[in-house]
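S.K.: sequence? don't have it. structure:
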DNA sequence: ACTCTTACTGATAAATATTTTCAATAAAGG
DNA sequence: CCTTTATTGAAAATATTTATCAGTAAGAGT
């Protein structure tokens, strides 16, 4: 079962990340991590809460908010802006990557290429702005949902 | 005063748009339109509410929500996702344009160029997704704020 | 193992933000 | 001036997020 193994490994890596940054490795945090690792879609705090509670019923919603924010600060997950609310998160394996999101099932593909350099330079020149960051999201349908009609 | 004139003209155009799409041209809607036209930044419903009330004190907050949504549907304004909340709107003079936003003062420059075609095609091929839309936002500092330090 | 420090937690409350409901109102066409 | 009906504002209901705080439990030191 290479899948499961990979997930276990990833979990260990994440929790090590926490420790490496001086954070404690607590049961609640583990529960949250377990709830989201391996999920290829994006999730709102409330959903994560519900799922993580199955592992650790004593979990509080506030902790979910705090943990998600923490994981985001560590670059392990990333916020995704959706029509309905912009506090959805998704896994982020690499720094500086973007998301391609399926509108039907919510599945997210991560990618890092984006040819914006030229545009950015031209715009900076034209407007006089200093452009410090960009935020890109692609929306569409994943293969599975395309087949499903 | 070409500025003011332009704004008046634009207001008329907007209200005509409403009528053209079968919507009524009401006092509350006029107040909302007046509150946002000519503002080069982005605004949250609450802010629009506050400002529009100066013109039309009887205005209700709900109407602001509804009107902003309506104007967005007509393509006259566009949502902008910010760290703090994603229900900010900004003027959108053209279809299919993007925003360059100043992090300090909130000023927004609209632009339509973006060289994503190649990236999008490559990604579509690689992932099997059908990519239907993209969502791009640039963040930086406007000339004025750069000078101000 | 045991102790100590203090980061972390959950419950509660509070603050925000958004949507729904509904009777009253006022556009706009006739 | 009527009539129709989209639109409105108030209030209530939901939903979402943040702040507070006393109790708890990681994890370092022993």
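M.R.: Noted; the coordinates are in hand. Everything numeric in this text was worked out from a predicted model, so none of it was measured. Residues are numbered from 1 along each chain as shown, chains lettered A, B, ... in the order given.
S.K.: Quick check, pLDDT for the closest residue to residue A:40 other than its chain neighbours.
M.R.: Excluding the flanking residues, the one nearest residue A:40 by Cβ to Cβ, 6 or more residues apart in numbering or on different chains is residue A:107, at 5.3 Å. In short, each C-beta sits where N, CA and C put it, glycine included. Per-residue pLDDT puts residue A:107 at 98.
S.K.: Residue A:4 too?
M.R.: 61.
S.K.: The residue most central in space within chain A in helix, strand or coil?
M.R.: Of all residues in chain A, the one closest to the mean position by Cα atoms, centre = their mean is residue A:90, 2.1 Å from it. Three-state call for residue A:90 (DSSP: H, G, I helix; E, B strand; the rest coil): strand.
S.K.: And the residue nearest to residue A:40, how far from residue A:101?
M.R.: Computed as Cβ to Cβ, to the nearest Å, the residue A:107 to residue A:101 distance reads 7 Å.
S.K.: Helix or strand for the residue lying farthest from the centre of chain A, just tell me which one.
M.R.: Most distant residue from the mean C-alpha position of chain A: residue A:126, 33.7 Å away (Cα atoms, centre = their mean). Per DSSP states H and E, residue A:126 falls inside helix A:117-127.
S.K.: In contact with residue A:122: list those residues for me.
M.R.: residue B:113 (Cβ atoms under 8 Å, 6 or more residues apart in numbering or on different chains).
S.K.: what about 7 Å?
M.R.: Listed by Cβ atoms under 7 Å, 6 or more residues apart in numbering or on different chains, residue A:122 has no contact partners.
S.K.: ditto for residue A:104
M.R.: Residue A:104 touches A:141, A:145, counting by Cβ under 7 Å, 6+ apart.
S.K.: count of residues packed around residue A:44?
M.R.: 17 (other Cβ atoms under 10 Å in any protein chain shown).
S.K.: now the one 3 residues further on
M.R.: Neighbours of residue A:47 under the rule other Cβ under 10 Å: 17.
S.K.: cool, and residue A:57?
M.R.: 8.
S.K.: My reading is that it lies in a strand. Confirm?
M.R.: No - counting by three-state DSSP, residue A:57 is located in no strand; its state is coil.
S.K.: Tell me the confidence at it?
M.R.: At residue A:57, pLDDT is 97.
S.K.: can you list the residues of chain A near DNA strand C?
M.R.: Neighbours of DNA strand C within chain A, by Cβ under 7 Å from any atom of the strand: A:22-24, A:26, A:28-29, A:56, A:58-63, A:66-67.
S.K.: that older thread, which residues touch the residue nearest to residue A:40?
M.R.: By Cβ under 7 Å, 6+ apart, the neighbours of residue A:107 are A:40-41, A:142.
S.K.: By neighbour count, which of these wins?
M.R.: Neighbour counts for the contacts of residue A:107 peak at residue A:142, which has 24 neighbours (criterion: other Cβ under 10 Å).
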